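Engineer: what follows is a predicted protein model with its sequence.
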Amino acid sequence: MTSTGARYDPLNAVTGWTPPPAGSVRGMDIETIFGESTFGLQEMKSRLPKVTYKALMKTLEQGDELDGAVADAVALAMKEWAIERGATHYTHWFHPLTGQTAEKHDSFITPNVGGGAVAEFSGKDLIQGEPDASSFPSGGLRATFEARGYTAWDPTSPAFLVDGPSGCYLAIPTAFTSWAGDALDTKIPLLRSSQALEVQVRRALKLFGVEPEHVNTTLGPEQEYFLIDQEFFYRRPDLVATGRTLVGTKPPRGQELEDHYFGAIPERILSFMMEVERELYRLGVPVKTRHNEVAPGQFEFAPIYENANIAADHQQLTMSVLRKTARNYGLVALLHEKPFAGVNGSGKHLNWAFGTESHNLLEPGDNPHENRQFLFFCTAVLRAVERHQDLVRAAVAYAGNDHRLGANEAPPAIISVFLGDQLTDVFDQVEKTGRAKSSKQGGLLGLGSRVLPKLPKHAGDRNRTSPFAFTGNKFEFRALGASQSISFPATVLNVIVAESIDELCSLLEKELAKKGDLNEVLHRVLARELGKVRHIIFNGDGYSEEWHAEAKERGLLNLATSVDALETLTDEKNLKLFEKYEIMSPREVESRAEIFFDQYFKTVNIEGEMTAEMARTIVLPAAVRYLDDLLDAFHNFREMTSESHSSKGLRKLIDDLNQTLNDLVEALDRLDAENAELGGDDVHSKSLHMRDNVIPAMLEVRGACDRLERMVPDDLWSLPRYREMLFIR
């Protein structure tokens, strides 16, 4: 038995795209194009009557109820703006609990009595839509036959145009709720949590004699991703079905040389990046940074920080634009957390802060020991993370993220906080003496050459192994995965910190009622609270085995898998937390847990079935063909010579291949049995079965497949190999 045809030609992956001719690429005038595809405040101001615009701004800035006449005026201006740019349809664009976005398109055109048609779009159309809610995840909040759901216009996030080769349509950011009023999306809890945090921050600032007009939560999500040629993608059933390779051995060269990180960006990739940036700028997304990441074929974009709600919308747009634009270059953008075993996976570091119109409240300044507000709010964050380690971990718990948390490119599943040398020293002083009297200074860094400038040196280093690290004037939540919506993790951070500020304010108010001085009371309260949460601060190597042992001694949680973490989501303290600050009702929290377990179970179940199918229909036949070729060669050789020892090497090849084939067949039988046994009647027990039985069986099959890949000749192995997918671009 021999190969039925030549293996695909990897050269197709590099010859399928050619750079455009010199001078044909249009440049970017960022100031001109930025936001041109959005119906933002500037566009509204130019099109709306002054009275209407002022009324709208009261809604946006002060939370006043939206008047119907204002909505009609906005709808008319929005429709005219969209039609002028070629839009024929509009959609209410929302974030259901799939983690993705959803939309249903409606035409602007309405037939009239004369047989013609007119373009109509009213305030009622703008404010409320009614998509079918029956098939979206609800976690038991809605029965399948209860189909009615509503979308509600979010005026704080600008509408935008989505362009395509045949035209464009208007997308209107909206919230999504059931007929019974339950939140069926990620936007409603995020908006509620931002509001809850604002209430408590304003309360705290009032104690310091400050009364701001607004307090905003800001987010800056960094997006890591892989790019591979579509030639490889469509020849890998596992990538198509699951977003990651379920079989595939590590190549001789991976990321060991560390030459890809921040290296020169290949021409094809740079062209792709520039087009992504152009589209994101047009949509008003302030993308700032682009570079090569650590693994070969891995890259990153990062934006400037924005209001949390807008940042969440923009993050979804960023993922969409990445995927769509890649196709223009014959590429596929992989956002899975671990598309390739043996090299770094992809995360989404979420930079989180809050502040007033003019001041970031997590900015320590040059002398943080003197910054009372910073010490207060930073202590509040420490208390929040320490008390809710389980919830912070659950916020990033899903099947894809289990492949990277704790690996060499991601923080461990143990939640701790990195503060750095300067702040750790300041808080140590507060805890021990009740008052900090100094702050370590960074000074200047000399480089030993007169021609090089002396660099301002930060007072503390960074720590890439920490899941929650202070990085200058914000906290970086590093545990998010690349494909994840940022809304739920941001919601969790907002609400746990709101609770902590609430409690600290109550302690201060109680002490101040005894007529104490604010400074004395503040430092006394902070010293007492820091002593309770000191064990959450860790500035060392989170990858080390020693840290795992030390964390256990400190009493920190180690929720190693998503199932472990999700089991804590509905603990009584968490249900009460969300309910107290009116973020989600117990029903809504329980529904999220149900959905997250269901998504975990289904994800691993699909991977298990696909692993078995690929092993049986692709890997096994290739190995059997090779075994047949070896046996033919062996028999032909024996006919040519009577010296049995001369075929010793060939016989060993046959024996090794046959043994590995046997190992694969046995592992496949076990995987088939585990796939057939779903593990129970509820999604929790099914998830446990996937974690404890299916995943180990998958790994056994993969191990045998990967050993065969190292044996079977190239012309018989039809799957693109890692050496091709990671390095040909």
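Structural biologist: That came in fine, so what should we check first? Every value quoted in this text rests on a predicted model; they were computed, and no experiment measured them.
Engineer: so how far is residue 550 from the residue nearest to the spatial centre of the chain?
Structural biologist: The centre of the chain sits closest to residue 484, judged by CA atoms, centre = their mean, with a distance of 3.2 Å. According to CB to CB, to the nearest Å, residue 484 and residue 550 sit 29 Å apart. Yep, even glycine has a C-beta here, placed from its N, CA and C like the rest.
Engineer: just residue 441 next, same as before
Structural biologist: Applying CB to CB to residue 441 and residue 550 gives a distance of 29 Å.
Engineer: who's more crowded, those two?
Structural biologist: A count of neighbours by other CB atoms under 10 Å puts residue 550 above the other of residue 441 and residue 550, at 16 against 11.
Engineer: tell me the contacts of residue 565?
Structural biologist: 390, 393-394, 396-397, 413, 559 (CB atoms under 8 Å, 6 or more residues apart in numbering).
Engineer: would you format those residues as CSV with distance to residue 628, pLDDT and neighbour count included?
Structural biologist: Formatted as CSV, those follow (distance: CB to CB, whole Å; pLDDT from 0 to 100; neighbours: other CB atoms under 10 Å):
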residue, distance to residue 628, pLDDT, neighbour count
390, 55, 97, 21
393, 51, 97, 26
394, 51, 97, 27
396, 48, 96, 26
397, 46, 95, 27
413, 46, 88, 23
559, 49, 93, 21
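Engineer: restricted to strands, list those residues.
Structural biologist: Using DSSP state E, no member of those sits in strands.
Engineer: in the strand of greatest length in the chain, which residues are buried?
Structural biologist: Longest strand in the chain, counting residues (DSSP E): strand 167-178. Within strand 167-178, the residues that count as buried by 16 or more other CB atoms under 10 Å are 168-178.
Engineer: can I get these in CSV with distance to residue 662?
Structural biologist: Formatted as CSV, the buried residues of strand 167-178 follow (distance: CB to CB, whole Å):
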residue, distance to residue 662
168, 58
169, 56
170, 60
171, 55
172, 59
173, 56
174, 57
175, 56
176, 52
177, 56
178, 54
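Engineer: which one of the residues you listed sits closest to residue 57?
Structural biologist: residue 173 (17.8 Å; CB to CB).
Engineer: wait, the closest one sits on residue 154?
Structural biologist: Yes. Using CB atoms under 8 Å, residue 173 is in contact with residue 154, at 4.7 Å.
Engineer: what do these two both touch?
Structural biologist: residue 187.
Engineer: next, count neighbours for residue 714.
Structural biologist: Neighbour count for residue 714, taken as other CB under 10 Å: 9.
Engineer: can you report phi and psi for it?
Structural biologist: phi -60, psi -40 (degrees, to the nearest 10).
Engineer: okay, now the unreliable bits of the stretch 501-650 of the chain?
Structural biologist: Within the stretch 501-650 of the chain, the ranges that satisfy pLDDT under 70 run 642-646.
Engineer: go again with 80.
Structural biologist: 515-516, 638-647 (pLDDT under 80).
Engineer: could you pull out the strands for it?
Structural biologist: Ranges of strands in the stretch 501-650 of the chain, per DSSP state E, counting those that start in this stretch: none exist.
Engineer: and stretch 556-566, how far apart are its ends?
Structural biologist: End-to-end span of stretch 556-566 (CA to CA, to the nearest Å): 17 Å.
Engineer: buried stuff in that stretch?
Structural biologist: 556-557, 559-566.
Engineer: where along the stretch 1-150 of the chain do the helices fall?
Structural biologist: Secondary structure of the stretch 1-150 of the chain (DSSP state H, counting those that start in this stretch): helices at 12-15, 30-33, 41-47, 50-62, 68-84, 123-127.
Engineer: among the ones you listed, which is nearest residue 598?
Structural biologist: helix 123-127 (31.8 Å).
Engineer: number of residues surrounding residue 88?
Structural biologist: 16.
Engineer: OK, contacts around it?
Structural biologist: 107-109, 167, 169.
Engineer: same check, this time on residue 295
Structural biologist: If you count contacts by CB under 8 Å, 6+ apart, then residue 295 has 226, 254-255, 260, 340, 343-345, 409, 726 around it.
Engineer: from residue 122, how far out is residue 104?
Structural biologist: Taking CB to CB, one finds residue 104 at 17 Å from residue 122.
Engineer: for residue 396, same thing?
Structural biologist: 41 Å.
Engineer: quick one: which of the helices of the stretch 1-150 of the chain has the weakest pLDDT on average?
Structural biologist: Here the helices of the stretch 1-150 of the chain differ in mean pLDDT, and the lowest is helix 12-15 at a mean of 68.
Engineer: not counting stretch 166-175 itself, show me its contacts.
Structural biologist: 39, 78-79, 82, 85-94, 103, 105, 126, 129, 151-154, 157-162, 183, 185, 187-188, 191, 313.
Engineer: now stretch 542-549
Structural biologist: Under CB under 8 Å, 6+ apart, the answer for stretch 542-549 is 408, 411-412, 414, 416, 463, 465-467, 538, 540-541, 558.
Engineer: which single one of these is nearest to residue 46?
Structural biologist: Closest to residue 46, out of all of these and judged by CB to CB, is residue 467, at 45.3 Å.
Engineer: so what's the residue count around the closest one?
Structural biologist: Counted with other CB under 10 Å, residue 467 comes out at 27.
Engineer: packing partners for the helix or strand that the longest strand of the chain is followed by?
Structural biologist: Following strand 167-178 in sequence order, the next helix or strand is helix 187-207 (DSSP states H and E). Secondary-structure packing of helix 187-207 (3 or more CB pairs under 8 Å, 6 or more residues apart in numbering; DSSP states H and E): strand 167-178, strand 215-221, helix 308-327, strand 350-356, helix 372-387, helix 487-512.
Engineer: would JSON lines of the ones you listed with distance to residue 689 be doable?
Structural biologist: JSON lines is the format used below for these (distance: least, CB to CB, whole Å):
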{"stretch": "strand 167-178", "distance to residue 689": "30"}
{"stretch": "strand 215-221", "distance to residue 689": "33"}
{"stretch": "helix 308-327", "distance to residue 689": "31"}
{"stretch": "strand 350-356", "distance to residue 689": "31"}
{"stretch": "helix 372-387", "distance to residue 689": "32"}
{"stretch": "helix 487-512", "distance to residue 689": "25"}
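Engineer: out of those, which gets nearest to residue 233?
Structural biologist: Comparing the helices and strands packed on helix 187-207 by CB to CB, helix 308-327 comes nearest, at 9.6 Å.
Engineer: circling back to that earlier point, got JSON lines for the helices of the stretch 1-150 of the chain, with mean neighbour count too?
Structural biologist: Below are the helices of the stretch 1-150 of the chain laid out as JSON lines (neighbours: other CB atoms under 10 Å):
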{"stretch": "helix 12-15", "mean neighbour count": "15"}
{"stretch": "helix 30-33", "mean neighbour count": "10"}
{"stretch": "helix 41-47", "mean neighbour count": "15"}
{"stretch": "helix 50-62", "mean neighbour count": "14"}
{"stretch": "helix 68-84", "mean neighbour count": "19"}
{"stretch": "helix 123-127", "mean neighbour count": "19"}
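Engineer: just the buried ones from the contacts of stretch 542-549?
Structural biologist: Restricting those to buried positions leaves 411-412, 414, 416, 463, 465-467, 538, with burial counted as 16+ other CB under 10 Å.
Engineer: between those, which sits nearest residue 367?
Structural biologist: Closest approach between these and residue 367, by CB to CB: residue 463, at 22.7 Å.
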